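A.B. asks: Need a 3D model of the sequence below.
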Amino acid sequence: MNDPRDRGESFAPRNVATKEEAWMRICRRLRAELGDDVFSSWFGRLELDGLSEPNAYLSVPTKFLKSWIQSHYADKILPALTAEFPEIKRLSITVRSSSRPPRPDAPAGASGRGDYVSAIGAHGNDEKSAASFGAACEGAPAAPRPSSAQRTFERAARTSSDAGDADIIAGSPLDRRLNFSSFLVGKSNQLAHAAAQKVASATAEDSLLYNPLYLHASVGLGKTHLLQAVAHAASAGTRRVIYLTAERFMYGFVSALKAQTAIAFKEKLRGIDVLVIDDVQFLQGKSIQQEFCHTLNALIDARRQIVIAADRPPADLESLDERVRSRLAGGLCVEMGGLDEALRIKILEARIGAAKTAHPNFEVPPAVMAYVASVIQTNGRDLDGAVNRLLAHASLNGAPLGVETAELAIRDLVRTHEPKRVKIEDIQKLVASHFNVSRADILSSRRTANVVRPRQIAMYLSKVLTLRSLPEIGRRFGGRDHTTVLHAVRKIEGLTTSDGSLSEELELLKRMLME
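C.D. replies: Model prediction:
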């Protein structure tokens with residue numbers, strides 16, 4: 001009964017260096033198991049404050065780190081601790097303050113910051129910090145006291161959860177006019193509108209059926225309008241919402257790295273309830289995409305809503321990492337199609353009505369409105385431009401608008417019919433069906449004659465009918481090298497000059513794909 005462990009007291013070894021060495025071995029074990037990137041990102045600021053059977057007391061500087069480590073890595077840390085201290089059965093992780101008294105169970109001479117085991121560590125892409133922490137875990141001398149800049153960063157990271165959004169992340173500006181009441185619904189966007197309203201009106205208790213909600217459409221069809229409407233509606237309640245363009249997300253992340261506030265950036269972003277990201281197709285950079293993927297995973301695991309828009313479906317975002325595309329495709333993906341004529345009329349009526357508030361004498365005859373709706377079929381922005389041109393002609397010329405006047409006013413907006421955008425998947429499916437093989441055969445490594453020729457034809461058509469580069473086409477054909485695609489293209493081009501039946505076959509396939 002004289003053993004302090006029997007009384008639940010601290011059982012720190014007499015030699016403090018022994019505990020330091022044990023903690024370093026634990027660090028090395030975790031680093032080897034989880035990898036350098038994960039270890040540097042999440043464990044660089046983890047400290048062992050004390051041991052008191054059967055508990056181990058650890059601390060981190062922010063609430064986010066505490067929550068993340070408890071949720072994702074507690075089952076990794078406990079076995080590593082138990083291997084060095086068999087008496088340990090439970091973990092206790094706390095958020096340390098900038099100044100706190102020593103633990104009553106800490107060994108004599110140890111400060112409340114756990115200086116006997118402290119190693120101020122790495123985060124994000126801070127290579128200097130990563131190197132210093134790696135040295136500490138490899139048995140180097142204890143790290144020096146943190147600099148004033150480091151202490152400033154720690155205070156910012158600790159208080160970021162209570163600060164306003166502008167302190168760490170400045171969201172992209174919202175247009176008050178882009179709300180659900182001003183969004184005009186038609187057949188092409190009805191499903192997207194309904195899903196966006198459902199997401200925006202959900203409460204914390206509701207199950208997240210559509211997470212992430214992914215909207216995709218060509219330019220000018222209302223993606224940004226719907227996303228901003230979601231942000232407006234969701235923020236009207238008690239939910240914390242941030243709306244970001246992909247450009248703003250990249251700028252915020254890079255700025256945080258430069259200012260050494262990456263952890264505070266991550267904590268603030270993961271602390272919101274609804275994340276709205278626009279134009280995700282512009283997301284560039286390996287480290288930025290990795291952080292974006294980590295953010296998606298963290299928010300989805302925490303049952304927070306994500307709404308994203310792009311100009312194409314997730315599978316066609318070749319510039320994005322496959323893990324990001326997989327995450328985006330795992331929710332509800334909704335395409336917003338082109339504007340039908342009835343919806344174009346509604347948009348024109350709304351725009352003309354808004355213009356009449358400032359110009360009461362502005363009148364557009366039904367015949368002119370019908371003409372404009374019939375010849376401008378691309379997007380809503382061109383319809384806005386048409387109304388502006390009609391208003392200018394009516395106010396400057398002072399003559400009533402007619403179809404001939406309208407034709408002259410909007411002639412620069414009338415575009416010839418754009419050819420259908422052909423997808424590589426469509427080419428693969430059509431060629432496979434035409435040659436009586438499966439799409440899986442075309443993507444496979446099989447080299448039999450009945451598979452090689454259709455594969456080469458599909459690669460050739462992908463080069464001719466799409467804007468994809470040779471490396472992109474190769475990736476879409478089972479991860480092949482661009483030289484393989486180039487060989488296939490040249491092979492088929494050479495055969496068309498001598499094989500008339502093949503040329504006819506290719507023309508038939510092209511017509512079928514363009515219809």
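
A.B. asks: Contacts only, for the nearest residue to Asp279 once chain neighbours are set aside.
C.D. replies: Leaving aside its sequence neighbours, Asp279 sits nearest to Ala246 (Cβ to Cβ, 6 or more residues apart in numbering; 4.9 Å). For every residue, glycine as well, the C-beta is placed using N, CA and C. By Cβ atoms under 8 Å, 6 or more residues apart in numbering, the contact list for Ala246 reads Ile277, Asp278, Asp279, Val280, Gln281, Phe282, Leu283.

A.B. asks: among the residues you listed, which ones are buried?
C.D. replies: By neighbour count, with 16 or more other Cβ atoms under 10 Å, the contacts of Ala246 hold Ile277, Asp278, Asp279, Val280, Gln281, Leu283 as buried.

A.B. asks: ok, the residue nearest to the fourth one when sequence neighbours are not counted - contacts?
C.D. replies: Beyond its immediate neighbours in the sequence, the residue positioned closest to Val280 (Cβ to Cβ, 6+ apart) is Ala310, lying 4.7 Å away. The contact partners of Ala310, by Cβ under 8 Å, 6+ apart, come to Tyr214, Leu215, His216, Lys223, Asp279, Val280, Gln281, Leu317.

A.B. asks: Can you flag which of these belong to helices?
C.D. replies: Among the contacts of Ala310, the ones falling in helices (DSSP state H) are Lys223.

A.B. asks: what's the closest of the contacts of Ala310 to Leu343?
C.D. replies: Lys223 (15.0 Å; Cβ to Cβ).

A.B. asks: residues near that closest one, how many?
C.D. replies: Neighbourhood size, Lys223 [other Cβ atoms under 10 Å]: 22.

A.B. asks: again with Arg381
C.D. replies: Around Arg381 there are 12 residues (other Cβ under 10 Å).

A.B. asks: same deal with Lys63?
C.D. replies: Residues within reach of Lys63, counting by other Cβ under 10 Å, total 16.

A.B. asks: what's the answer for Arg176, then?
C.D. replies: Quick note: Arg176 (other Cβ under 10 Å) scores 8 neighbours.

A.B. asks: Quick one: low-confidence residue ranges for this structure.
C.D. replies: 1-17, 37, 97-171, 204-205, 207, 415-420, 515 (pLDDT under 70).

A.B. asks: Break it down into its domains, please.
C.D. replies: 4-159, 180-335, 341-413, 424-514 (automatic domain parsing).

A.B. asks: so can I have JSON lines of those showing distance to Ser172?
C.D. replies: Formatted as JSON lines, those follow (distance: least, Cβ to Cβ, whole Å):
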{"stretch": "domain 4-159", "distance to Ser172": "22"}
{"stretch": "domain 180-335", "distance to Ser172": "5"}
{"stretch": "domain 341-413", "distance to Ser172": "19"}
{"stretch": "domain 424-514", "distance to Ser172": "28"}
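
A.B. asks: Pick the most buried one from those.
C.D. replies: domain 180-335 (a mean of 19; mean count of other Cβ atoms under 10 Å).

A.B. asks: Endpoints of that domain, how far apart?
C.D. replies: Distance between the two ends of domain 180-335: 18 Å, counting by Cα to Cα, to the nearest Å.

A.B. asks: Also stretch 208-221?
C.D. replies: OK, stretch 208-221 end separation, Cα to Cα: 26 Å.

A.B. asks: That stretch: how far from the chain's middle?
C.D. replies: Here the centre of stretch 208-221 is set off from its chain's centre by 13 Å, with Cα atoms, centre = their mean, to the nearest Å.

A.B. asks: just the strands in this structure please.
C.D. replies: 47-52, 55-60, 90-95, 213-216, 241-245, 274-278, 305-310, 332-335 (DSSP state E).

A.B. asks: how about these in a markdown table, adding distance to Thr18?
C.D. replies: Shown next, in a markdown table, are these (distance: least, Cβ to Cβ, whole Å):
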| stretch | distance to Thr18 |
| --- | --- |
| strand 47-52 | 12 |
| strand 55-60 | 15 |
| strand 90-95 | 21 |
| strand 213-216 | 54 |
| strand 241-245 | 47 |
| strand 274-278 | 46 |
| strand 305-310 | 47 |
| strand 332-335 | 55 |
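
A.B. asks: Which of these sits closest to Pro79?
C.D. replies: So among the strands of the chain, strand 90-95 is nearest, using Cβ to Cβ, at 10.8 Å.

A.B. asks: What strands flank the closest one, and is each parallel or antiparallel?
C.D. replies: strand 55-60 (parallel) (DSSP bridges).

A.B. asks: With Glu53 as the reference, measure out to Arg270.
C.D. replies: From Arg270 across to Glu53, the span is 34 Å (Cβ to Cβ, to the nearest Å).

A.B. asks: Surely Ala342 touches Gly186?
C.D. replies: Yes. Checked against Cβ atoms under 8 Å, the pair Ala342 and Gly186 is within contact range at 6.2 Å.

A.B. asks: For the residue nearest the centre of the chain, list the residues it contacts.
C.D. replies: In the chain, the centroid-proximal residue (Cα atoms, centre = their mean) is Phe292; its distance is 4.6 Å. Listed by Cβ under 8 Å, 6+ apart, the contact set of Phe292 reads Phe249, Leu283, Val324.

A.B. asks: which of the residues you listed lies closest to Asp412?
C.D. replies: So of the contacts of Phe292, ranked by how close each gets to Asp412 (Cβ to Cβ), first place is Leu283, at 33.0 Å.

A.B. asks: Look up the closest residue to the closest one, ignoring the ones flanking it.
C.D. replies: Per Cβ to Cβ, 6+ apart, closest to Leu283 is Ala246, 4.6 Å.

A.B. asks: repeat for Ala217
C.D. replies: For Ala217, the spatially nearest residue (Cβ to Cβ, 6+ apart) is Met336, at 3.6 Å.

A.B. asks: mind listing the helices for the stretch 1-150 of the chain?
C.D. replies: 16-34, 36-42, 63-72, 74-84, 127-137, 148-159 (DSSP state H, counting those that start in this stretch).

A.B. asks: same check, this time on the stretch 351-500 of the chain
C.D. replies: So, for the stretch 351-500 of the chain - with DSSP H, counting those that start in this stretch - the helices run 366-375, 380-397, 403-409, 424-434, 439-443, 449-465, 470-476, 482-496, 500-514.
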